[in-house]
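S.K.: make a model of this:
(chains A and B)
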2 protein chains.
Amino acid sequence: MTTSRNSVKSHGSACIASLCENIKTSTFKQDVLQKKRNAVLVDGVILNGPITDSKAGEKFVEEACKIIMEEIIQKADDVTEKVCEWQAPETLKKILDLEMRDTGESHQKLLQLCQDVIKYTYEVSPVFLLVEEAVIKKMIEFIGWEEGDGIFNPGGSVSNMYAMNLARYKFCPEIKEKGLSGLPRLVLFTSEECHYSMKKAASFLGIGTENVYFVKTDERGKMIPEELEKQVQRARKEGSAPFLVCATAGTTVLGAFDPLDKIADICEKHDLWLHVDGLLKKCYSAKAAYLFQQDKFYDVSYDTGDKSIQCSRRPDAFKFWLMWKALGTTGLEERVNRALALARYLLTVLNSLFP
Amino acid sequence: MTTSRNSVKSHGSACIASLCENIKTSTFKQDVLQKKRNAVLVDGVILNGPITDSKAGEKFVEEACKIIMEEIIQKADDVTEKVCEWQAPETLKKILDLEMRDTGESHQKLLQLCQDVIKYTYEVSPVFLLVEEAVIKKMIEFIGWEEGDGIFNPGGSVSNMYAMNLARYKFCPEIKEKGLSGLPRLVLFTSEECHYSMKKAASFLGIGTENVYFVKTDERGKMIPEELEKQVQRARKEGSAPFLVCATAGTTVLGAFDPLDKIADICEKHDLWLHVDGLLKKCYSAKAAYLFQQDKFYDVSYDTGDKSIQCSRRPDAFKFWLMWKALGTTGLEERVNRALALARYLLTVLNSLFP
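M.R.: Numbers count the residues shown, from 1 in each chain, chains lettered A, B, ... in the order given. I've put the predicted structure just below:
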């Protein structure tokens, strides 16, 4: 990738179609390149035109709206319709094809999935819990872990709060019942370039914003591991209790990735929980024994209520699942590659305009 | 209302149409009653049939889907379309008719509103913030307060956490920076019948579940004020710091309303913050000076980021606002009255079946 970027840069202008000869492309790409005289190719990605068939997409949305009208709006008004088609989660798993594959599914298949999801949506939505479970399982596999757990939250700020809470629970499980009163000062570390939600979380969780120790970053906005080590030493000397490092994978302004391996070594040395904002690491469920009713007439392992700080939740995993089903892992990968290629192309253009 | 319920009960059967003669009804109701031989009237509410014209509703949804298709999906694919139609919040206020009135708006007007909302939705959505502001202002007026503030949250559990956090901030603003470490044990009071999110919130906020003191309830599930007084005394004797009473307006199981006036007197006496789960009371913004950028090129008072523990939020106020616009205050009132009348009718039927 570096080679092609540099060769493009050396031309002092935008990437041009002739580059494609040096890059292994599929028959499709060659076809497109032959048809488009001004095709722009960066790192093997053709940047011209839309990547999806927008007319087919519009047709799909129209069909989906029709299903919503028939299955939800009209049936809800019809007293002869059943209130729900109850099925146990295990049966639903068999009915629904939850698996996310490398290639995307057909629109027809996706519409069928939408219809099934609508049909079996009732009583705190087992369908959405199964979908969430499938997405989390796939993501854990994808990262390469053998086990793990997770939950979809209303956004990154709340996710950072969860991470802080789990780290605190691991550091001292009794805090759940006893609270922080009378304990030594808990301290966490994050970079100067971290998301502002870290301070909000520390305030909300009763840790206090002054107990967020900010670690210096280098000129690219990455946390400096030696500075982290210094801050941990400082906290120990003060008699406070370091418990967490919040690293960032993609800072807000510079998009910097903290050096996770080096930070992980420091965390291991000092027995600190490592959370990566943007990714998840070591984030196992606290298995908190809250006041949760377990007397349902089906497998209660699908009650995720004790994993969430919310009661009812929006089915946030559903849209992600449906997109994964539609594009497949390969389609998602192509989108990421295209975004990176577009960024490189922009840089090339800027460099040629302002040499 | 009690009279008509009792007279119905004395018949030992479901309410019947003949009752309508004793109750002032509109011409519409009389028409319906004349047409429907078996019309059921409870407390002036006709219970038969749907309250809305479902065919017109379906037509409305179809039209709204068409707007979404044309304004969002097709325009997003069209490179000749502008990315956004920027307008300052004050101008948007004039363009959009945000006010919620007693009577509902026409479907045509509602579709126009949807179109305008779509047109001006961009950059953390000033339209949705204006909508949220309008809804909160209306609700504050409705309760009869002269001032107030609020925010839409992802659910009641998170709202209870906010309440706990605000109460704590009022009790001791320094907790935000310093945290709870080294402070006396903070104690809050709620009824045995409270929502389970109270314990979750106390755990999450670092207060500790053991510092939630549960107050006994009477046979209807209402908090007993004398028991609250005892618990506050107990906490004081223990040397802990009582700071909050969480009353409930509509408990989960029995739907009980705690005696708010008596509880408010106790709160006043002991200088405790009173939160009512289900309603809002004394819930002014903490005006927390977080790390928020105020260098936008329009009125920054529309940045609600410092009021929320989230960064981006879903436009939760929008659906409520659109419903209020569609039904009007009177329409919403009718829905509540109908729900109560249905509950009374069910009770009557049950009493007649199991005398």
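S.K.: output the contacting helices and strands for the host helix or strand of residue A:261.
M.R.: In the assignment (DSSP states H and E), residue A:261 maps to helix A:260-270. The helices and strands touching helix A:260-270, judged by 3 or more Cβ pairs under 8 Å, 6 or more residues apart in numbering or on different chains; DSSP states H and E, are helix A:225-237, strand A:241-248, strand A:273-277. Placement of C-beta: from N, CA and C, glycine included.
S.K.: now, of the ones you listed, which is deepest in the fold?
M.R.: Of the helices and strands packed on helix A:260-270, the one with the most neighbours on average (mean count of other Cβ atoms under 10 Å in any protein chain shown) is strand A:241-248, at a mean of 24.
S.K.: do that one and chain B meet at all?
M.R.: No - taking Cβ under 8 Å from any Cβ of the partner chain as the criterion, strand A:241-248 and chain B are apart, separated by no less than 8.6 Å.
S.K.: if we can go back for a sec, now the helix holding residue A:261: buried residues?
M.R.: Across helix A:260-270, burial judged by 16 or more other Cβ atoms under 10 Å in any protein chain shown covers A:260, A:262, A:263, A:264, A:266, A:267, A:270.
S.K.: could I get those as a markdown table with pLDDT?
M.R.: Below are the buried residues of helix A:260-270 laid out as a markdown table (pLDDT from 0 to 100):
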| residue | pLDDT |
| --- | --- |
| A:260 | 95 |
| A:262 | 97 |
| A:263 | 97 |
| A:264 | 96 |
| A:266 | 97 |
| A:267 | 97 |
| A:270 | 97 |
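S.K.: save the residues you listed as a markdown table, and put in distance to residue B:195 too.
M.R.: Formatted as a markdown table, the buried residues of helix A:260-270 follow (distance: Cβ to Cβ, whole Å):
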| residue | distance to residue B:195 |
| --- | --- |
| A:260 | 39 |
| A:262 | 45 |
| A:263 | 39 |
| A:264 | 40 |
| A:266 | 41 |
| A:267 | 37 |
| A:270 | 39 |
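S.K.: how about those residues, which pair is most distant?
M.R.: Spatially, the most separated pair among these is A:260 and A:270, at 15.7 Å (Cβ to Cβ).
S.K.: so which residues of chain A form strands?
M.R.: For chain A, the strands defined by DSSP state E occupy A:41-42, A:45-46, A:186-191, A:212-215, A:241-248, A:273-277.
S.K.: list the buried ones in stretch A:168-178?
M.R.: Buried-residue list, stretch A:168-178, by 16+ other Cβ under 10 Å: A:168, A:169, A:171, A:175, A:176, A:178.
S.K.: one more: stretch A:182-198?
M.R.: For stretch A:182-198, a neighbour-count test (16+ other Cβ under 10 Å) marks A:183, A:185-191, A:193-198 as buried.
S.K.: among these, which are in reach of chain B?
M.R.: A:183, A:185, A:186, A:195, A:196, A:197.
S.K.: just for chain A, where's the confidence low?
M.R.: A:1-37, A:123-124, A:279-306 (pLDDT under 70).
S.K.: quick check: domain ranges of it?
M.R.: Chain A breaks down into these domains under automatic domain parsing: A:40-149+A:313-355, A:156-284.
S.K.: so which residues make contact with the helix holding residue A:261?
M.R.: A:223, A:225, A:228-229, A:232, A:242, A:245, A:247, A:249, A:272-274, A:276 (Cβ atoms under 8 Å, 6 or more residues apart in numbering or on different chains).
S.K.: tell me the one among those nearest to chain B.
M.R.: Proximity of those to chain B (Cβ to the nearest Cβ) peaks at residue A:242, which lies at 13.2 Å.
S.K.: mind listing what that closest one touches?
M.R.: Applying Cβ under 8 Å, 6+ apart to residue A:242 gives the contacts A:187, A:188, A:189, A:232, A:235, A:236, A:270, A:272.
S.K.: out of those, which comes closest to chain B?
M.R.: Out of the contacts of residue A:242, the member with the shortest distance to chain B (by Cβ to the nearest Cβ) is residue A:187, at 9.6 Å.
S.K.: correct me, but the closest one touches residue A:213?
M.R.: Yes - between residue A:187 and residue A:213 there is a contact under Cβ atoms under 8 Å: 5.8 Å.
S.K.: contacts only, for residue A:62.
M.R.: residue B:69.
S.K.: how close does the residue with the largest distance to the centre of chain A get to chain B?
M.R.: Centroid-distance maximum for chain A: residue A:80 at 41.9 Å, with Cα atoms, centre = their mean. Distance of residue A:80 to chain B, computed by Cβ to the nearest Cβ, to the nearest Å: 14 Å.
S.K.: pretty sure residue A:40 is touching residue A:341, no?
M.R.: No - the pair residue A:40 / residue A:341 is not scored as a contact, 9.0 Å apart, by Cβ under 8 Å.
S.K.: all helices of the stretch 101-250 of chain A, in order?
M.R.: Along the stretch 101-250 of chain A, the stretches classed as helices by DSSP state H, counting those that start in this stretch are A:107-119, A:126-143, A:156-171, A:175-178, A:197-204, A:225-237.
S.K.: please identify the buried residues of the longest one?
M.R.: Buried residues in helix A:126-143, counting neighbours by 16+ other Cβ under 10 Å, are found at A:126-140.
S.K.: also the fifth one?
M.R.: Across helix A:197-204, burial judged by 16+ other Cβ under 10 Å covers A:197, A:198, A:199, A:200, A:201, A:202, A:203, A:204.
S.K.: other SSEs contacting it?
M.R.: helix A:156-171, strand A:186-191, strand A:212-215.
S.K.: wait, which of those is closest to residue A:350?
M.R.: The closest of the helices and strands packed on helix A:197-204 to residue A:350 is strand A:186-191. By Cβ to Cβ, the value is 26.9 Å.
S.K.: which helices and strands sit right next to the closest one?
M.R.: helix A:156-171, helix A:197-204, strand A:212-215, helix A:225-237, strand A:241-248.
S.K.: just how off-centre is that strand within its chain?
M.R.: The chain centroid and the centroid of strand A:186-191 are separated by 23 Å under Cα atoms, centre = their mean, to the nearest Å.
S.K.: can you list contacts of it?
M.R.: Contacts with strand A:186-191, where a contact means Cβ under 8 Å, 6+ apart, come from A:164, A:167-168, A:171, A:180, A:198, A:202, A:207, A:211-217, A:221-223, A:228, A:231-232, A:235, A:240-248, A:251, A:258, A:272, B:179, B:181.
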